[in-house]
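> All I have is the shape, not the residue letters:
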């Protein structure tokens, strides 16, 4: 090897030797059951849903009451930030007619429609929340829109803003596909949450559910 | 003291003029390819890749001994990046990079010179989201390559360059999410341009 070639060849060899090794991903195995378990003819059926890429961004219509639109935008931002690869995106829209999710600042109707599963949450004295999921009788379709209810039970009690904030994020968690409650009180998706941000377990659950094939598809009822 | 100042006053402009006469300047445009930025597993494997991106490079060098020069080279690139999970590809936005390398260069063959250097590489994402949620990233960079030059005009040479560089990639967001170690990223670029003739 001539002297002129020796330097660059040795340099390239050193670089090649260095060019090995990969980043190691974190272990994501701390999940809770997120699927909706419903009775079916044979016993129980486990329903798993996430918004398909083609449906993103999910269109969210919010009733103009109090600071609910701002709270819902924060809830969307919070859940979008959970994902590394843009698995979930949502936006507020002005027309409720084409919305995938409808959010009302009112208590959920006392009577649940036939076929609708209600996920009641946030049982605090200041506020409560609920998400209604309308699943078809054959358990293959999620009929849109998903309906969220955020109810400021009392405007006088201290802690109302905090309650509304975390409840809005919690209900948005249901709307994106977490169709169950965490058994752990330190998770935002606990039935009666007391934390303001998704925990690592919430995050890992939300991430995992977007990488498994859904068992139900979102459909919009056709106008007769 | 006045005498030494006088000597300096005479020598400094003279040396500056001499350096200017020996300074090599160049500019090039080309394309750059990069290996995977990230490999992740969430149920199945996910790879984050940059698209082949346009690049612009500028540089200058000074002689340090006969045949050898030391110089600085800056390069910027701008292109898309995306994630791949099986057949599903998701656009993650635009990623710009800027690099600065301190190079040593020397002769390789007729019209061809080698160079190798160390420096830094900065990532500037268009959005602070996803793996860049806590912002861009600055990494150490090592690079090497070869330049081919031939006279083209009176005072300018045609220049074609092949470059390889290497760095370890991570971001604050990935570290916050317990990704350990860093990802080896190799980049290869091909570019053409003009260089000030030293003939």
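Everything's here; your move. Since this is a predicted model, take the numbers as computed values, not measurements.

> can we go C-alpha only for contacts and neighbour counts from here?
Fine.

> Indicate the residue of chain A located nearest to chain B.
Nearest residue of chain A to chain B: residue A:84, at 3.9 Å (CA to the nearest CA).

> any idea how far the helix or strand hosting residue A:117 is from the chain center?
In this assignment (DSSP states H and E), residue A:117 forms part of strand A:116-121. Remark: strand A:116-121 is offset 15 Å from the chain centroid, using CA atoms, centre = their mean, to the nearest Å.

> ok, residues contacting that strand?
A:112, A:128-135, A:167, A:170-171, A:179-180, A:191-193 (CA atoms under 8 Å, 6 or more residues apart in numbering or on different chains).

> Partner strands of it, with direction?
Within its sheet, and counting by DSSP bridges, strand A:116-121 is paired with strand A:127-135 (antiparallel).

> and for the strand it pairs with, what are the contacting residues?
Residues outside strand A:127-135 that contact it (CA under 8 Å, 6+ apart): A:107-108, A:115-123, A:141-144, A:146-154, A:160, A:163-164, A:167-168, A:171, A:174-175.

> could you redo the last one with a cut-off of 7 Å?
If you take CA atoms under 7 Å, 6 or more residues apart in numbering or on different chains as the criterion, strand A:127-135 is touched by A:108, A:115-122, A:141-143, A:146-154, A:160, A:163-164, A:167, A:171, A:174.

> Pretty sure residue B:191 sits against residue B:160.
Yes - with contact defined as CA atoms under 7 Å, residue B:191 counts as touching residue B:160 (5.8 Å).

> just to revisit the earlier point, inside helices: which ones of the contacts of strand A:127-135?
A:160, A:163, A:164, A:167, A:171, A:174 (DSSP state H).

> Spit out the contact partners of the fifth one.
What that stands for is residue A:171. By CA under 7 Å, 6+ apart, the residues touching residue A:171 are A:129, A:130, A:131, A:148.

> Residue A:210 versus that one, what's the distance?
17 Å (CA to CA, to the nearest Å).

> Equivalent analysis for the second one, please.
According to CA to CA, residue A:163 stands 27 Å off from residue A:210.

> downstream neighbour of the lowest-mean-pLDDT helix or strand in chain A in the secondary structure list?
Within chain A, no helix or strand scores below helix A:3-18, which has a mean of 58 by mean pLDDT, DSSP states H and E. As assigned by DSSP H and E, the chain's next helix or strand after helix A:3-18 is strand A:36-40.

> For the strand ranked longest in chain A, give me every contacting residue.
When chain A is parsed with DSSP state E, its longest strand is strand A:141-152. Defining contact as CA under 7 Å, 6+ apart, one finds that strand A:141-152 is touched by A:99-108, A:126-136, A:168, A:171, A:175, A:216-221.

> Neighbours of residue B:86, how many?
10 (other CA atoms under 10 Å in any protein chain shown).

> Show the buried residues in the contacts of residue A:171.
Buried members of the contacts of residue A:171, scored by 16 or more other CA atoms under 10 Å in any protein chain shown, are A:129, A:130, A:131, A:148.

> Run through the chain and note the low-pLDDT ranges.
Unless you meant another one, I'm taking chain A. The model of chain A has pLDDT under 70 over residues A:1-21, A:122, A:155, A:222-224.

> wait, chain B
Looking at chain B by pLDDT under 70, you get B:1-21, B:199.

> Spell out which parts of it neighbour chain A.
Neighbours of chain A within chain B, by CA under 7 Å from any CA of the partner chain: B:38-43, B:83, B:92, B:107-108, B:114, B:129-131, B:166, B:178-184.

> Identify each buried residue in stretch A:162-177, please.
By neighbour count on 16+ other CA under 10 Å, the buried set for stretch A:162-177 is A:163-177.

> Would you map the helices across chain B?
Secondary structure of chain B (DSSP H): helices at B:2-22, B:172-176.

> Report the beta-bridge partners for residue B:31.
Assigned bridge partners for residue B:31, using DSSP bridges, are residue B:54, residue B:190.

> Which residues are in contact with residue B:80?
Counting by CA under 7 Å, 6+ apart, residue B:80 has contacts B:50, B:51, B:93, B:94, B:95.

> For PyMOL, what selects the buried ones among these?
Burial among these is assessed by 16+ other CA under 10 Å; the matching PyMOL selection reads:
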select buried, chain B and resi 50+51+94+95
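
> the strands in chain B, which residues?
Remark: strands assigned in chain B by DSSP E are B:24-34, B:38-42, B:44-50, B:53-65, B:68-85, B:88-109, B:112-125, B:137-151, B:156-169, B:183-196.

> closest one to residue A:89 among those?
Closest of those to residue A:89 is strand B:88-109, at 12.1 Å (criterion: CA to CA).

> Buried by neighbour count: which residues of that closest one qualify?
B:90, B:92, B:94-108.

> and the nearest residue to residue B:23 once chain neighbours are set aside, bridged to which residues?
Closest residue to residue B:23 apart from its sequence neighbours, by CA to CA, 6 or more residues apart in numbering or on different chains: residue B:62 at 5.0 Å. When bridges are called by DSSP bridges, residue B:62 pairs up with residue B:70.

> so who does residue B:62 touch?
B:22, B:23, B:24, B:69, B:70, B:71.

> Can you lay out these as TSV showing distance to residue A:91 and neighbour count?
Output for these, formatted as TSV (distance: CA to CA, whole Å; neighbours: other CA atoms under 10 Å in any protein chain shown):
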residue	distance to residue A:91	neighbour count
B:22	59	16
B:23	55	17
B:24	53	19
B:69	55	19
B:70	53	19
B:71	49	20
